[in-house]
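Colleague: Sequence first, then the predicted structure, then my questions.
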Amino acid sequence: MRLDGMHHITMITGDAQRVVDFYADVLGLRLVKQTVNFDAPEAYHLYFGDEEGTPGSILTWFEFRGAARGRPGAGAVHTIELGVPHARALDFWEQRLAEHGHAHHRPARDSLKLADPDGLSLELVTADPHNAPLTATHHAIPPEHAITGVEGARAYIGRPLEADAQLLTDTLGFTATDTGGGYLLDGPTRRFRWTYENTAQHALQGAGTVHHIAWHAADSDHSVWRQRLLDVGMTVTPVIDRDYFHSIYFRQPQGILFELATTSPGFAVDEDPEHLGERLCLPTQHEHLRTRLERTLTPLRNPRATANAGLSDAAGGR
């Protein structure tokens, strides 16, 4: 029984359209799902990833409209590493980010650092050759330069605890890669780098901060993982149906919120695969709120839909 890398990472934003413009246009990910927060249905929950919404490619956001910018600190993820096929692709991304007015710097040949519009730290890195590329289609991004999935994440801790290492290695199956807080989750199909870094800074949740990280568990193993976590003294939620996957949640010793999410049923359960992310899909429990939510949620402009319409118009005019 092994976790298969990361499933998704969820952030907070104060402006959903700004997130869509950056991730679905500048970075070229696919807007996979427009839905709402299960616990706060007045807030968007947006999912971005590859063409199919494959675990390992998924980044998601809760929009709490107008939220002030937060600050990463102890007990919080502070940087997300996105893969590119090779170091040469970073030349393309330097140019694209500059053209769109996004500051960046390249500390090494195989690394490009930047921040998203909310201030979240991102790093483009060459992908692990073990990881199959999970790419999206974008009219302005050549396939050979497209982002290939999420490769790793770095989190702040107040001080190293033996319980942190034991949870990762003894319970969840990570391997320590060095003495400086680095770990590798080597799953059946995907690898994921996870790193702890010390800080004295306190975290402040808000726009630009990470809410939680989810690890990818096989459907058949989910209940076994829950029991394993309970057996080592973790406080774990019951299994929760999130419509697109099933989840359990717990906090690791430093307070970082971990989730184990299943593969099934996937994002095509309520939309045709060719039209993922094109309409508001509500959790079953909130479908009765549709009229109100469609009136109060700010309609989103999907850059992909706009680009496709433009290409169709151009083809029709030839």
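Modeller: Structure's in. What do you need? Since we're looking at a predicted model, the values are computed, not measured.

Colleague: for the stretch 51-200 of the chain, what spans make up the strands?
Modeller: Using DSSP state E, counting those that start in this stretch, the strands of the stretch 51-200 of the chain run over 58-63, 76-84, 104-108, 111-115, 121-126, 150-157, 175-176, 182-186, 191-198.

Colleague: The first one - which strands sit beside it in the sheet, and in what orientation?
Modeller: For strand 58-63, sheet partners with direction are given as strand 6-13 (parallel), strand 44-49 (antiparallel), following DSSP bridges.

Colleague: do the same with the second one
Modeller: Taking DSSP bridges as the criterion, strand 76-84 forms sheet pairs with strand 121-126 (parallel), strand 150-157 (antiparallel).

Colleague: repeat for the fourth one
Modeller: Using DSSP bridges, the strands paired with strand 111-115 are strand 104-108 (antiparallel), strand 121-126 (antiparallel).

Colleague: now that strand: mean pLDDT?
Modeller: Averaged over strand 111-115, pLDDT sits at 97.

Colleague: Give me the distance from that strand to the chain's centre.
Modeller: Here strand 111-115 is found 16 Å from its chain centre; the criterion is C-alpha atoms, centre = their mean, to the nearest Å.

Colleague: can you check the longest one too?
Modeller: Computed by C-alpha atoms, centre = their mean, the chain-centroid distance of strand 76-84 equals 9 Å.

Colleague: Between strand 191-198 and that strand, find me the angle.
Modeller: 140 degrees (axes from the mean of the first three to the mean of the last three C-alpha atoms, to 10 degrees).

Colleague: Check what contacts strand 76-84 and list those residues.
Modeller: With contact meaning C-beta atoms under 8 Å, 6 or more residues apart in numbering, strand 76-84 is reached by 9, 27, 59, 72, 90, 93, 120-128, 131, 133, 145-156, 193, 197, 203, 205, 209-210, 213, 256. The way it works is simple: take the backbone N, C-alpha and C, and place the C-beta from them, glycine included.

Colleague: So which bits of it are buried?
Modeller: For strand 76-84, the neighbour count (16 or more other C-beta atoms under 10 Å) marks 76-84 as buried.

Colleague: do the same with the third one
Modeller: Counting neighbours by 16+ other C-beta under 10 Å, one finds that the buried residues in strand 104-108 are 104, 106.

Colleague: Would you check how far apart the spatially most central residue of the chain and R295 are?
Modeller: Closest residue to the average C-alpha location of the chain: L59 at 2.2 Å, with C-alpha atoms, centre = their mean. Applying C-beta to C-beta, to the nearest Å, the value for L59 to R295 is 28 Å.

Colleague: swap in P117?
Modeller: Applying C-beta to C-beta, the value for P117 to R295 is 27 Å.

Colleague: With neighbour numbers in mind, choose between those two.
Modeller: Of the pair P117 and R295, P117 is the one with more neighbours under other C-beta atoms under 10 Å, namely 17 against 7.

Colleague: List phi and psi for the more buried one.
Modeller: For P117, the backbone dihedrals (degrees, to the nearest 10) come out as phi -60, psi -20.

Colleague: contacts for stretch 225-240?
Modeller: The contact list for stretch 225-240, computed with C-beta under 8 Å, 6+ apart, reads 1, 3, 166-167, 170-171, 217, 222-223, 246-251, 260.

Colleague: Just name the shakiest helix or strand of the protein by mean pLDDT.
Modeller: Of all helical and strand segments in the chain, the minimum by mean pLDDT, DSSP states H and E falls on helix 303-316, at a mean of 58.
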